[in-house]
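Engineer: Prediction below, plus the sequence it came from.
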Amino acid sequence: MNEISHTQFFKTQKAQEVEVKDIIADVYHALTEKGYDPVNQIVGYIMSGDPTYITSYNGARSLVMKVERDEIIEELLGDYINRNLKNR
């Protein structure tokens, strides 16, 4: 039996970090494959917070709920600015 005076070691696996851009891409593809307009559906989700705007197909709804909506907006706006406004 172990002595209670000894420290036990516990090691956990670090959770895999999910990139917001990868989630957006996966959600986009799932919505497109199911015949939805991905822009309208993603905007609906961001504006309302209602996850039913995102299909559950291929786990897209679960994925999109892993990140905050403001993180999605930040990623999309940052990409837009980098592509369209930085070189003006």
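Structural biologist: Arrived safely.

Engineer: which helix in the protein runs the most residues?
Structural biologist: helix 69-84 (DSSP state H).

Engineer: what sits against residue 18?
Structural biologist: Residue 18 makes contact with 63, 66, 67, according to CB atoms under 8 Å, 6 or more residues apart in numbering. (Each C-beta comes from the backbone N, C-alpha and C, glycine too.)

Engineer: any weak-confidence spans in the chain?
Structural biologist: 1-3, 12-17 (pLDDT under 70).

Engineer: Which stretches in it count as helices?
Structural biologist: Applying DSSP H to the chain gives helices spanning 20-33, 38-48, 60-64, 69-84.

Engineer: and among the ones you listed, the most buried is which?
Structural biologist: helix 60-64 (a mean of 18; mean count of other CB atoms under 10 Å).

Engineer: Can you work out which other helices and strands pack against it?
Structural biologist: helix 20-33 (3 or more CB pairs under 8 Å, 6 or more residues apart in numbering; DSSP states H and E).

Engineer: Would you mind writing the CA trace of the helix it packs on as PDB?
Structural biologist: Extracted in PDB, the C-alpha atoms of helix 20-33 (Å, rounded to 0.1, in the frame of the first residue of the first chain):
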ATOM      1  CA  VAL A  20     -11.000  28.900 -35.600                       C
ATOM      2  CA  LYS A  21     -10.200  29.000 -39.300                       C
ATOM      3  CA  ASP A  22     -10.400  25.200 -39.500                       C
ATOM      4  CA  ILE A  23     -13.700  25.200 -37.800                       C
ATOM      5  CA  ILE A  24     -15.100  27.800 -40.100                       C
ATOM      6  CA  ALA A  25     -13.900  25.700 -43.100                       C
ATOM      7  CA  ASP A  26     -15.400  22.500 -41.800                       C
ATOM      8  CA  VAL A  27     -18.700  24.200 -41.000                       C
ATOM      9  CA  TYR A  28     -18.700  25.900 -44.500                       C
ATOM     10  CA  HIS A  29     -18.200  22.500 -46.200                       C
ATOM     11  CA  ALA A  30     -20.900  20.800 -44.200                       C
ATOM     12  CA  LEU A  31     -23.400  23.600 -44.900                       C
ATOM     13  CA  THR A  32     -22.500  23.500 -48.600                       C
ATOM     14  CA  GLU A  33     -22.800  19.800 -48.900                       C
END
